[in-house]
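Visitor: A structural model of the following input is requested.
(one chain, ligands or ions: 1)
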Amino acid sequence: MNEPPRSSKPRLKQGAGASLPPFLAMEVVARANRREARRRPGDPRVIRLEVGQPASGAPATAVAAAQRALGRGLPLGYTEALGLPSLRERIAAHCRATYGVVVSPSRIVVTTGASGGFLLTFLAAFDPGDRIAMASPYYPPYNNILHALGMRPVVIEAGPDTRYQPSVALLEAMADTAEGLPDGLIVASPCNPAGTTLDRDELSALARFCDANGVRLVSDEIYHGLNWEGPPSTASAFSDSAVVINSFSKYWSMTGWRVGWAVLPDDLLPPVLRLKQNLFISAPHVSQVAAEAAFDGTDEIERTLAGYRRSRAHLLDTLPRAGLPRLLPAQGAFYIYAELDGRSGDSDAFCARLLEEASIAATPGIDFDAGRGHRFVRFSYCGPEADMIEAAHRLAAFHGG
Ligand SMILES: Cc1ncc(COP(=O)(O)O)c(C=O)c1O
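Guide: Okay, here's the model as predicted:
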């Protein structure tokens, strides 16, 4: 009998990062693109409510500053690893003006978006094997980045009683389990996908509990400024050990510029500096120049926010008529997270039908919550306002039940 030829090559190993799950929202984007490509003349075009990518683009002040910097023929080389000193000053001034919190610019690191901030923070604060908690539904890359780093995400199934946010009571319940409290906790307020917020007292209680119990709090504040029911609070106001992560991607509409920041506790400053030098060298120089000028674009941003408010109102009004009466309180960010009623089937099938029949792209919740996401759909309303109005018309005519 002929034996199959044996390969003499040893099998190559793959690392933990190679088995990462995809970011499924991007699959929904591809599905919507395919539908759009198949569109025949006279068919309605696909309206995009599946991604958190603001349609408005960077404020004109930011674009003009970038153009000036490019026009001057500056080398735009590396900056200091922690970022341009003038930008770090400006971010500190922003913290003072927004929250009344004094943060020294020396505690601020400019990052390549919030995403870069997660990597730096997780590496500086945690070891492989450490347990880092987050409430579901959550932004999937938290979980996926932790996996890639050999850390262990711990999902807390928060419910409607806490608006799907973590709470001290939920942490205390963890403390009573065999594994005990986690090494870290990630919170996001407003959060993606639920759009809910922690109020000042809730965030303060969580921050103080974490500080007192050796749990490193990582507060993702990327949706600050997009708060529809009162001003945001920052974890920096309540804890010296928390890491605050923020970004120019959402409120400032600068997703593609890849620039954000973290406010670091003293003990994480030296390791984050070394990690930043080695992993990234610096955030993109031109984006840092633009980000600094984005702080002067407030009037334009306020106009964008007024548009979000109107789009939110249109959708909150019409989603119940599309068979989605159970909406989570849309307190912030630009998402509405809707729970399907029993008749609408599973969220993946619902989104497929919404795309086929109403040409509206939305994201099934499964990516954000493995256990319950099949019952939820996320709608993002940061697209052009005219599209959101048209989406509301189509939703009113569509019945998902
Ligand atoms: C909650 C949350 N955090 C972080 C990010 C990533 O932001 P950035 O573009 O700044 O890397 C996103 C992007 O959608 C997000 O929703």
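Visitor: so who does the residue nearest to Leu340 when sequence neighbours are not counted touch?
Guide: Distances taken as C-beta to C-beta, 6 or more residues apart in numbering place Arg375 nearest to Leu340, at 5.4 Å, with adjacent residues excluded. All C-beta spots, glycine's among them, are computed from the backbone N, C-alpha and C. Counting by C-beta atoms under 8 Å, 6 or more residues apart in numbering, Arg375 makes contact with 339-340, 346-347, 365.
Visitor: looking at the residues you listed, which is nearest Leu171?
Guide: The closest of those to Leu171 turns out to be Gly365 (C-beta to C-beta; 23.9 Å).
Visitor: all strands of the stretch 101-250 of the chain, in order?
Guide: Ranges of strands within the stretch 101-250 of the chain are 108-111, 131-136, 152-157, 184-188, 216-220, 243-247, based on DSSP state E, counting those that start in this stretch.
Visitor: to the ligand, which of these lies closest?
Guide: strand 243-247 (3.2 Å; C-beta to the nearest ligand atom).
Visitor: distance of Pro22 relative to Val28?
Guide: Per C-beta to C-beta, to the nearest Å, Pro22 is found 11 Å from Val28.
Visitor: and the residue of the chain found nearest the ligand, what's its pLDDT?
Guide: Using C-beta to the nearest ligand atom, Gly113 is the residue of the chain that sits closest to the ligand, at 2.7 Å. On pLDDT, Gly113 comes in at 98.
Visitor: same question for Phe238.
Guide: 98.
Visitor: so what's Ala30 up against?
Guide: By C-beta under 8 Å, 6+ apart, the contact list for Ala30 is empty.
Visitor: I'd assumed it was in a strand, is it?
Guide: No: counting by DSSP: H, G, I helix; E, B strand; the rest coil, Ala30 is not part of a strand but helix.
Visitor: give me the neighbour count for Arg39.
Guide: 12 (other C-beta atoms under 10 Å).
Visitor: got the contact list for it?
Guide: Contacts for Arg39 (C-beta under 8 Å, 6+ apart) come out as 45-46.
Visitor: if we can go back for a sec, now, of the contacts of Arg375, which are buried?
Guide: Buried by 16 or more other C-beta atoms under 10 Å: 339-340, 347, 365, out of the contacts of Arg375.
Visitor: surely Ile222 touches Ile245?
Guide: Yes: contact criterion C-beta atoms under 8 Å: Ile222 and Ile245 qualify, at 6.9 Å.
Visitor: quick check: neighbours shared by those two?
Guide: Common contact partners of Ile222 and Ile245 (C-beta under 8 Å, 6+ apart): 114, 260.
Visitor: one step back: just send the buried ones among the contacts of Arg375 back as TSV, with secondary structure, distance to Arg163 and pLDDT too.
Guide: Converted to TSV, the buried ones among the contacts of Arg375 look like this (DSSP: H, G, I helix; E, B strand; the rest coil; distance: C-beta to C-beta, whole Å; pLDDT from 0 to 100):
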residue	secondary structure	distance to Arg163	pLDDT
Glu339	strand	13	94
Leu340	coil	19	92
Ser347	helix	20	92
Gly365	helix	15	95
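Visitor: Thr234: which of those is nearest?
Guide: Nearest member of those to Thr234, counting by C-beta to C-beta, is Gly365, at 27.8 Å.
Visitor: can you name the residues that contact the closest one?
Guide: With C-beta under 8 Å, 6+ apart, Gly365 has these contacts: 137, 193, 337, 347, 372-378.
Visitor: before we move on, what about Phe334?
Guide: Counted by C-beta under 8 Å, 6+ apart, Phe334 has contacts 52, 54, 195, 223, 226, 250, 308, 311-312, 380-382.
Visitor: distance to the ligand for the strands of the stretch 101-250 of the chain - can I get that in CSV?
Guide: Listed next are the strands of the stretch 101-250 of the chain as CSV, based on distance: least, C-beta to the nearest ligand atom, whole Å:
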stretch, distance to the ligand
strand 108-111, 8
strand 131-136, 11
strand 152-157, 15
strand 184-188, 5
strand 216-220, 5
strand 243-247, 3
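Visitor: now render those strands as CSV, adding mean neighbour count and distance to Ala397.
Guide: Output for those, formatted as CSV (neighbours: other C-beta atoms under 10 Å; distance: least, C-beta to C-beta, whole Å):
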stretch, mean neighbour count, distance to Ala397
strand 108-111, 28, 44
strand 131-136, 23, 33
strand 152-157, 17, 35
strand 184-188, 26, 34
strand 216-220, 26, 37
strand 243-247, 27, 37
